[in-house]
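In: just coords:
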């Protein structure tokens with residue numbers, strides 16, 4: 001049965017093959033459809049328009065491709081952007097208000113762009129397609145001419161640029177609109193063989209101000225949805241990973257600058273994280289040195305999975321005042337702007353007012369950030385003086401009752417911790433504290449109150465863009481380490497003096513000698529490469545504390561504490 005069935009199939013196939021020439025010769029053929037003779041670019045344009053009508057879809061035609069590479073420059077008072085039609089992307093993005101290490105306007109396009117892609121190139125999940133649409137020669141669309149006005153020798157926005165490319169396989173359209181702010185409106189659409197392609201505009205390779213290993217380590221991919229902001233450091237990022245939305249905004253940022261995508265539709269958005277290795281000189285101040293180390297450069301691509309993408313792109317400083325001026329109306333339950341990009345840390349509720357106060361001091365009192373820090377440090381330390389006096393008083397009372405407490409502890413020494421009679425010891429100690437008016441946590445409480453305040457100031461100075469390249473006396477940049485390390489050395493010396501001047505009657509003399517030298521040296525090592533602004537705050541605070549301690553040591557309270565310390569030292573020597 002199976003053999004007969006196979007024979008029937010074979011004969012049928014043979015008959016079909018033999019009769020094909022006769023059918024073509026003697027039977028009339030239907031006329032060719034006009035649609036079959038046209039390029040396949042028009043159909044995908046209609047499909048993309050249905051998906052997101054607010055974004056113009058690539059137009060059809062016999063093909064759109066430029067003959068040669070050309071550059072287009074758009075400029076306003078804040079930036080100077082250089083586009084190339086090879087890929088329809090950005091080769092240079094200069095921020096005029098901010099200087100680089102050489103005093104020139106800051107270039108925020110990283111040199112890593114040569115290897116990993118330039119800003120406003122497109123990310124697709126098909127690498128072959130991605131390489132193609134980011135390297136072909138685009139044309140400037142005739143229906144969207146560049147609109148610029150020449151004032152004082154500069155091309156000033158508003159500007160409207162559209163790049164288009166089309167061939168038999170793919171059609172791409174990229175539109176960029178500029179105004180007088182740091183925000184650029186971006187619209188992109190890619191269609192391949194009649195179907196919309198998932199293609200995201202991206203900022204792929206960090207920033208031009210990243211030179212040292214520390215600057216690369218400060219990179220983050222960050223995103224916010226309503227009142228929740230997530231910050232992903234390098235260790236948590238995988239290259240090519242997709243982060244599902246919704247996002248009110250998603251960004252790649254370093255310590256001072258950010259590229260932030262603010263989608264028109266937060267619900268229909270995803271982000272792709274980019275992470276790639278790069279070799280940088282070990283001595284970043286001497287780029288011609290032979291030694292190199294490997295760091296990671298971060299990027300992000302943001303767009304819609306349904307095809308066309310419409311988003312605003314903020315490229316600029318992480319300056320609180322500027323970020324608060326960028327409206328994000330889709331945010332719910334949080335300020336409707338980009339202020340969350342400035343990370344003041346866990347104690348941000350304290351750090352932000354501190355920064356606003358420091359900025360007011362700079363603008364209204366002294367026009368130098370270093371002197372503004374000095375004035376604020378003085379006021380803070382004077383405000384903390386009552387807490388320090390309270391701490392000394394509490395420590396003195398504890399030392400006075402220390403012999404009685406020790407006697408009580410010896411009385412109950414023979415009982416184990418599980419013995420119910422140990423509770424009697426605690427009750428006797430509590431009664432003694434109450435009789436003598438001693439608060440057992442009185443010495444620690446002032447320090448506990450101070451710590452959040454001090455950490456907030458630390459994080460505030462670390463996040464403040466305004467201190468970048470701000471000079472003070474011999475220091476050229478308060479955001480960088482002291483070039484002569486005078487402030488860290490000052491921290492070591494002032495810590496030594498403070499340790500020697502502060503009475504510590506409860507500490508063993510041998511331990512006190514060790515702490516007197518070890519603690520300042522350890523803190524000096526920590527502060528050696530910290531930002532000069534932080535070291536200024538720290539060293540000045542120590543100087544003020546020395547002056548306060550010298551005054552308190554001459555009071556009856558200070559003399560009494562020193563006498564107790566001397567008595568304990570003499571007993572130990574015997």
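Out: Now that the structure is in, tell me what you want to look at. All figures in this text were calculated on a predicted structure; none of them were measured in a lab. Residues are numbered from 1 along each chain as shown.
In: buried ones in stretch 129-142?
Out: Under the neighbour-count criterion of 16 or more other Cβ atoms under 10 Å, stretch 129-142 has 129, 130, 132, 133, 134, 136, 137, 138, 139, 140, 141 buried. The way it works is simple: take the backbone N, C-alpha and C, and place the C-beta from them, glycine included.
In: Stretch 466-480 too?
Out: So, applying 16+ other Cβ under 10 Å, buried residues of stretch 466-480: 466, 467, 468, 469, 470, 472, 475, 477, 478, 479, 480.
In: same thing with stretch 547-562?
Out: Buried, per 16+ other Cβ under 10 Å, within stretch 547-562: 548, 549, 552, 553, 557, 558, 561, 562.
In: gap between the third one and residue 277?
Out: For residue 552, the distance to residue 277 equals 55 Å [Cβ to Cβ, to the nearest Å].
In: show me what contacts the nearest residue to residue 229 once chain neighbours are set aside?
Out: Counting by Cβ to Cβ, 6 or more residues apart in numbering, the nearest residue to residue 229 once its immediate chain neighbours are dropped is residue 340, at 4.5 Å. Applying Cβ atoms under 8 Å, 6 or more residues apart in numbering to residue 340 gives the contacts 222, 224, 229, 334.
In: Tell me how far residue 340 lies from residue 427.
Out: For residue 340 relative to residue 427 (Cβ to Cβ), the value is 51 Å.
In: I'd like to know which elements the longest helix seen in the chain is packed against.
Out: Taking DSSP state H as the criterion, the chain has its longest helix at helix 369-411. Secondary-structure packing of helix 369-411 (3 or more Cβ pairs under 8 Å, 6 or more residues apart in numbering; DSSP states H and E): helix 348-364, helix 422-436, helix 445-463, helix 532-553, helix 556-573.
In: before we move on, back to that, out of the contacts of residue 340, which end up buried?
Out: 222, 224, 334.
In: Could you measure from the first one over to residue 251?
Out: Yep, that's residue 222 we're talking about. 5 Å.
In: Repeat that for residue 321.
Out: 18 Å.
In: okay, these two: which has more neighbours?
Out: Higher neighbour count among residue 321 and residue 251: residue 251, with 27 against 12, using other Cβ atoms under 10 Å.
In: Report the secondary structure state of that one.
Out: What DSSP: H, G, I helix; E, B strand; the rest coil gives for residue 251 is strand.
In: Please apply the same query to residue 273.
Out: Assigned by three-state DSSP, the conformation of residue 273 is strand.
In: thought it was touching residue 234?
Out: No: between residue 273 and residue 234 there is no contact, the gap being 10.3 Å when judged by Cβ atoms under 8 Å.
In: Mind listing residues that contact stretch 434-442?
Out: Contacts of stretch 434-442 (Cβ under 8 Å, 6+ apart): 390, 391, 393, 394, 397, 398, 400, 401, 432, 433, 445.
In: Read off the pLDDT value for the second one.
Out: Read it as residue 391. On pLDDT, residue 391 comes in at 75.
In: And for the fifth one?
Out: At residue 397, the pLDDT value in this model is 75.
In: Neighbours of the closest residue in space to it that isn't next to it in sequence, how many?
Out: The shortest distance from residue 397 to any residue other than its chain neighbours is 4.6 Å, reached at residue 438 (Cβ to Cβ, 6+ apart). Per other Cβ under 10 Å, the neighbour tally for residue 438 reads 18.
In: quick one: residue 438 is in a strand?
Out: No: Residue 438 sits outside any strand when classified using three-state DSSP, being coil.
In: Quickly note the distance from it to residue 398.
Out: Counting by Cβ to Cβ, the gap from residue 438 to residue 398 is 6 Å.
In: mind listing what's buried in the host helix or strand of residue 73?
Out: In this structure, residue 73 sits in strand 71-75 according to DSSP states H and E. By 16+ other Cβ under 10 Å, the buried positions in strand 71-75 come out as 72, 74, 75.
In: Partner strands of it, with direction?
Out: strand 79-84 (antiparallel) (DSSP bridges).
In: if we look at the strand it pairs with, which residues are touching it?
Out: So strand 79-84 is contacted by 69-75, 89-96, 105, 161, 163, 176, 178, 182, 315-316 (Cβ under 8 Å, 6+ apart).
In: and with 7 Å instead?
Out: By Cβ atoms under 7 Å, 6 or more residues apart in numbering, the residues outside strand 79-84 that reach it are 69, 71-74, 90-96, 161.
In: and what of stretch 463-479?
Out: By Cβ under 7 Å, 6+ apart, stretch 463-479 touches 99, 256, 317-319, 342-344, 355, 359, 368-370, 461, 482, 484, 531-533.
In: Helix, strand, or coil at the nearest residue to residue 533 once chain neighbours are set aside?
Out: Leaving aside its chain neighbours, residue 533 sits nearest to residue 478 (3.9 Å; criterion: Cβ to Cβ, 6+ apart). Classification of residue 478 using three-state DSSP returns coil.
In: Lowest mean pLDDT among the helices and strands, pick that one out for the protein.
Out: Between all helices and strands in the chain, the lowest mean by mean pLDDT, DSSP states H and E belongs to helix 42-51, at a mean of 30.
In: just to revisit the earlier point, which neighbours do residue 222 and residue 251 have in common?
Out: Common neighbours of residue 222 and residue 251 (Cβ under 7 Å, 6+ apart) are residue 341.
In: quick one: the helices in the stretch 151-300 of the chain?
Out: Using DSSP state H, counting those that start in this stretch, the helices of the stretch 151-300 of the chain run over 213-217.
In: From residue 193, how far out is residue 500?
Out: 80 Å.
In: Residue 273 and residue 234 - which one has more neighbours?
Out: Shown here are residue 273 and residue 234; by other Cβ under 10 Å, residue 273 has more neighbours (21 against 16).
In: so what's that one up against?
Out: Here residue 273 is in contact with 221, 237, 238, 239, 241, 243, 300 (Cβ under 7 Å, 6+ apart).
In: Show me the beta-bridge partners of it.
Out: residue 241, residue 300.
In: any idea how far residue 185 lies from residue 74?
Out: Taking Cβ to Cβ, one finds residue 185 at 12 Å from residue 74.
In: Can you get me a residue count around residue 209?
Out: Around residue 209 there are 21 residues (other Cβ under 10 Å).
In: what's the answer for residue 305, then?
Out: Residues near residue 305, counting by other Cβ under 10 Å: 14.
In: Where do the strands of the stretch 1-150 of the chain begin and end?
Out: 71-75, 79-84, 89-99, 105-107, 121-123, 139-140, 149-151 (DSSP state E, counting those that start in this stretch).
In: so where's the stretch 1-150 of the chain uncertain?
Out: The model of the stretch 1-150 of the chain has pLDDT under 70 over residues 1-62, 142-150.
In: about what we covered before: among the strands of the stretch 1-150 of the chain, which is the most enclosed?
Out: strand 121-123 (a mean of 24; mean count of other Cβ atoms under 10 Å).
In: what's that strand in contact with?
Out: 87, 89, 130, 133-134, 188, 190, 199-202, 204, 272, 301.
In: Please determine how far residue 195 is located from residue 121.
Out: 21 Å.
In: Sorry, wrong one. I was asking about residue 91.
Out: The value you get for residue 91 to residue 121, if Cβ to Cβ is used, is 11 Å.
In: quick one, what contacts residue 209?
Out: By Cβ under 7 Å, 6+ apart, the residues touching residue 209 are 100, 106, 108, 215, 254, 256, 257.
In: what about 10 Å?
Out: Residues in contact with residue 209 (Cβ atoms under 10 Å, 6 or more residues apart in numbering) are 95, 98-101, 106-108, 110, 215, 254-257, 468.
In: and of the strands of the stretch 1-150 of the chain, who's closest to residue 456?
Out: strand 89-99 (25.8 Å; Cβ to Cβ).
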